[in-house]
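Asks: Sequence and computational prediction follow.
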Amino acid sequence: MKAVQQAVTVSLTPAGELGRLLWAGRVYAIQGVLDRWRYGGRWWLGETPRDCYLVQAGELVAELHCEDGGNVWWLARIQD
Amino acid sequence: MQRPLPALLACQSYFSEGRSTVSPRRLVRLAKERRYSAVGLADWCSVAGAVELCEAAGEAQISAVIGVTLPVLFPTSPRSKEAHEVFPLVMLAKDREGYALLCELVTQIHLTTPDGLPLECVQEAASRGDHLACLTGGRQGFPTMLGEKREIARAASLLRTLRRSFPFDLYVQLFHGSAPNERRRLEYLRGLARDLELPTVAAPEINMGSQDEYPLLDALTCARLGIDVQTPHSERPRNDARHVGTPGNWGSLLPFPDALLNAQKLAEVCALDLRPERLHAPEPKLRVFQTPQEALEERAYAALPLRYTPDVRETASTRLQQELATVQTLEMAGFFLTAAEVTDYCREHGILAAGRGSAAGSVLCYLLGITLSDPIKHNLLFERFLHTGRASMPDVDIDIASSRRDQVLSWVEARWGGEGTGEAMVANKITYRLPSAVQDLGRALGLPPELRDRLSRALGRDYRHSRPHRAREADVVFREVLGEAPVKDALLSLLEKIEPGFVRHLAPHSGGVVLSASPLTHYSPLTRSSGGIRMLTFDKDDVEKLGLIKLDLLGLRMLAALERAREEVMRLRGGWVEYGDLPDDPAVWERIASGDTLAIFQIESPAQVQMTARLQPKNMTQLAHQIALVRPGPIQSGTVHPYVRRARGEEAVPDLPEPLWTILAPTHGTLMFQEQILRIAVHYAGYSWPDADRFRSRLSKTEDESELEELKNSFTAGAALTTGAFPWEAEEMFATCAAFRGYGFAESHAHAFAQHAYSSAWMRQHHPAAYLAGFLTEAPGLWPPATVSHEARRWGVSLRGVCINRSGMSYRAENERTVRLPLSVVEGVSETAARQIVQERLTGGKYTSVEDFYDRVEIKRDALDTLAKAGAFDAVDAQKNRREAYYVLHTIANTRKPGMRGLLSPQAESPELSALSPDELLFLDLDTKGISESGRHPLDAHRARLRDLGCVPLAGLRHGREAWTAGLVVTKQRPPTAKGFAFFVLEDASTRVQAIISPDLWEAHRVLLRDARALIVQGEATVQGRAVTVKVRRLSELPLGNWASAAD
């Protein structure tokens, strides 16, 4: 996996599932969630827990996360 | 359709010490709200939450499952260097026997194998019948851990081993921690179970009440592991997944119907309530074919003519018959005989001991010698102690001279704990207060120790007892120490999340001992405290709910002081003082009535001194009333002022209807004792004794308005029926009872304490030197020794300094007017060193010089220096000068080690050294001993300066006059009942005065008042006999130089 850590746009389906990922000017349709977990975060620095997803989006295998209560999605890593 | 999770089987509470953030009661409340059918508690090596769980589950009408998480030593693979590897197993009790097995296993870990339980022990427990269910553990369990290491064959082998012990009760535990690869892990666990034909069970690990407690769980884990939050560790929680959650949520995370079904099945099979069981009292020593009741009656009737004169014997006999009948109904004869056996032992060994509390209301206890005061003489109520409807066990509290309590406890352990499990101390649940929480969580956040200590100190008296969740109230203190650093907010938000009453750890109770004829492991695991005391893992309330019988063997320093004083009298005069039989001496009462009560048990505090000056007690009953009066209960219920006015004849006692008049007349129409509430409930509101006891208990504990309303309604209705009281009358009476709450003495208790108070006053009057020696050695009071010794000069007793040829291990009366300081009072001189000095003196004769001492005693250099500074060599030193002794010591120390004679001793003349000034001597004394024999006071050195400032001495204060004055701060109090007022006692060479500091002044000078060792104050004085108070209007600090004050 290669670290990216960039803000990306993720749109959800009407059912609340992950739908599409917009990164570096390209749109990737998310075909499936391979794994999901929660990360507690460094609470002592003010970070909040977040949901993390490993998704298959087109040819990308990407790790996305979104902090609780926030709207910003981050692309943490991609499989190289 | 998605099935929900029916029950939580593997929760951990704060009894897991640093592994959870939630109490058993809150777990149950959350589970009930979310509609789980059962809560299972599987704390780490502990079942200490079991009683609370059962009680809360009973109230919430859901099932309780009792289990424990045990670290088990599993054999490693042959290639491994280690013989064992530790993995946790969750064991659930299927019945009462299963619970007893769990207790035994936990005891085994605590007492024998702290690193983990050998697998053979688990197998042995399983072989004793179908009483336990075994779950393979969560994230740290061996199937998961070995799976991650790809040692699947070994995991399977261990499962087969366990299956042989639990053929039908071994479950592979499925959990979900929202960690990466969780789905794959669950598939692996299910596959493993399927291959081995084992059932699975959905049992998520729960360590939090809600998700937002994750930072607290992480910080507590770090505190337990001794790391800070920056340090990674596999045991730290990764996220907030381990919270109670909803059944639906857990069902979707663990969507395996068989595992969910098994959770329901286990919840039903393992539902258990510990509480109904009762324990039989320990077996007393009896003659053949004699029953405990017969033995009790025989002993009580034999003592009757010895204790009661013929005129009251009839009354006593009738009362005794009633009490014996109650005891017989409750089958508690063995318990009374056991308590009597303990007090017999104390008497036979010359140990001063006396029963206190509600037991003092029992004629039976008086006849058995458990208590010393006669309940008939003082009209004390037996029903407060015991009645046939009583659901809980009675308390028998025995005060024992504190210096000999360990001896009694050792004997009790030998007498009842012969097989190792018949006796143990009750535990105390040590809950988090602000300072302890700041220490633990501050360490986790990486605060250095000195900063944590500063913060703890700064919290001081104001917030020392505050619960952590109210930390924001101390925001000003946090800001003072931590400034606006981000860690301040992190710490405060952690503290706020700590549940009120959060248990940090268990420690031995101050005196509660449980004795049992059967092994105590049937009821509770046993453990050893850090001090080596064997104890249960339940506190006194839990023990009572379990039906265990508890004896409170409490150490009372005043009894130790009295006992020591008695020995001193014996040595000096050859007479024996019988404390239970002291003559009534008018001179003693006169001195008490004048407010001269320093060093007297229970009535030496400033508040009591003032009360004494106003009430001027002249007999034991009045003294008992006074002791009981300065308590939160009477203060809150407004009893104090009416009582004082009526006792002084300034106000008539109101005309009360019967039966209130009979009940309240002895206390001048006021409510002072718990017994009076019982009597009012019975005779005024028509309750039965059991109902009255429950009424009193609920009234004192309830915080709930609706429950209070319910109690009021039943009380007023009962009063109307019984005495025809109008509702407003009954409501008024109820309001008085409700205001009293639980913070008052039982009358019997007050009488027991009055006895000790009179004994101490009598000894001070007749044997002041002996009493001072005992008092200073045992330090039972609230005043520092320097204050007591100053006061003792007024009694005509002076101190003599530490002397290597005369001082011993404790304060010692040399004659009727002088007391010698002990060697151990010198800072840095340990008990061992002091004993060595005395032993060498006894065997080798008196020391002849500083050099002789140096040659004969091997003692640390620091201690030698301090002894010289403290003046211990004054008697043998050539120039009688501490400087010279110090000089000689240093000269010899350069030639040889202490404790060996030199072959060549250089003879050199000491130089002429100037003598120390009186103030230098005083400060040396206070620095090295905390007490001075010189009779000078630290303020004497400042007297001229204070006079120039216009300060009058404390003794010069006049009633109603404003003045500036100054004094050393001796004690500081800011009681919660005082509405923010603080009370400082100031002292100079002449007397002591209480300074009353208003809340505004306190806020304005908080830091000064916290740190000041001496104060200059201006205010109006109130003088009443020896009780002098100053209402402070202005104040400032009086700097004293580098000498440390006696006040904290």
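Replies: Yep, it's here. Numbering: from 1, shown residues only, chains lettered A, B, ... in the order given.
Asks: Which pLDDT value does the model give B:G1041?
Replies: Per-residue pLDDT puts B:G1041 at 67.
Asks: If you could redo that for B:R741, that was the one I meant.
Replies: According to the model, B:R741 carries a pLDDT of 64.
Asks: Same question for the one 5 residues further on.
Replies: Here the pLDDT value assigned to B:A746 is 77.
Asks: tally of neighbours for it?
Replies: When neighbours are counted by other CB atoms under 10 Å in any protein chain shown, B:A746 registers 24. Glycine gets a C-beta too; all of them are placed from N, C-alpha and C.
Asks: from the middle of its chain, how far away would the longest strand seen in chain A be?
Replies: In terms of residue count, the longest strand belonging to chain A (DSSP state E) is strand A:26-39. Distance of strand A:26-39 from its chain centroid, counting by CA atoms, centre = their mean, to the nearest Å, is 6 Å.
Asks: Can you give me the pLDDT of the most centrally placed residue in chain A?
Replies: Central residue of chain A (CA atoms, centre = their mean): A:L64, 1.7 Å from the mean position. A:L64 carries a pLDDT value of 93.
Asks: now it, nearest residue through space, not along the chain?
Replies: A:Y53 (4.9 Å; CB to CB, 6 or more residues apart in numbering or on different chains).
Asks: And for whatever helix or strand the one you found lives in, what's in contact with it?
Replies: Using DSSP states H and E, A:Y53 sits within strand A:50-57. By CB atoms under 8 Å, 6 or more residues apart in numbering or on different chains, the residues outside strand A:50-57 that reach it are A:18, A:20-21, A:28-39, A:41, A:61-68, A:76, B:180.
Asks: Next up, the contacts around B:R299.
Replies: B:337, B:340, B:367-368.
Asks: Thought B:F336 was touching B:Q293, still the case?
Replies: No: judged on CB atoms under 8 Å, B:Q293 makes no contact with B:F336 at a distance of 9.7 Å.
Asks: moving C-terminal of the strand holding A:Y53, what's the next helix or strand?
Replies: Next element after strand A:50-57 (DSSP H and E): strand A:60-67.
Asks: that older thread, look up the residues forming beta bridges with the residue nearest to the centre of chain A.
Replies: A:Y53, A:L75 (DSSP bridges).
Asks: Skipping its backbone neighbours, what lies nearest B:R882 in space?
Replies: B:G871 is the one closest to B:R882 (CB to CB, 6+ apart), at 5.5 Å.
Asks: Next up, the contacts around that neighbour.
Replies: B:801-802, B:882, B:921, B:924-925.
Asks: re the thing from before, and the residue nearest to the centre of chain A, how close does it get to chain B?
Replies: Look at A:L64 and chain B: by CB to the nearest CB, to the nearest Å, they are 13 Å apart.
Asks: Generate a ChimeraX selection restricted to the buried subset of the contacts of strand A:50-57.
Replies: In ChimeraX, a selection of the buried entries from the contacts of strand A:50-57 looks like this (16 or more other CB atoms under 10 Å in any protein chain shown):
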select /A:18,21,28,30,36,37,38,39,41,62,63,64,65,66,67,76 /B:180
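Asks: if we can go back for a sec, so for the strand holding A:Y53, what gets flagged as buried?
Replies: In strand A:50-57, counting by 16+ other CB under 10 Å, buried: A:50, A:52-57.
Asks: What of stretch B:315-323?
Replies: Neighbour-count burial for stretch B:315-323 [16+ other CB under 10 Å]: B:316, B:319-320, B:323.
Asks: now those as a markdown table including pLDDT, distance to B:K860 and secondary structure?
Replies: What follows is the buried residues of stretch B:315-323, written out as a markdown table (pLDDT from 0 to 100; distance: CB to CB, whole Å; DSSP: H, G, I helix; E, B strand; the rest coil):
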| residue | pLDDT | distance to B:K860 | secondary structure |
| --- | --- | --- | --- |
| B:A316 | 87 | 60 | helix |
| B:R319 | 87 | 61 | helix |
| B:L320 | 88 | 60 | helix |
| B:E323 | 86 | 59 | helix |
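Asks: Pick the one among those closest to B:R896.
Replies: B:E323 (71.4 Å; CB to CB).
Asks: list the contacts for that closest one?
Replies: Contacts of B:E323 by CB under 8 Å, 6+ apart are B:362-364, B:382, B:386.
Asks: same thing with B:R557?
Replies: Applying CB under 8 Å, 6+ apart, we find B:R557 in contact with B:402, B:778-780.
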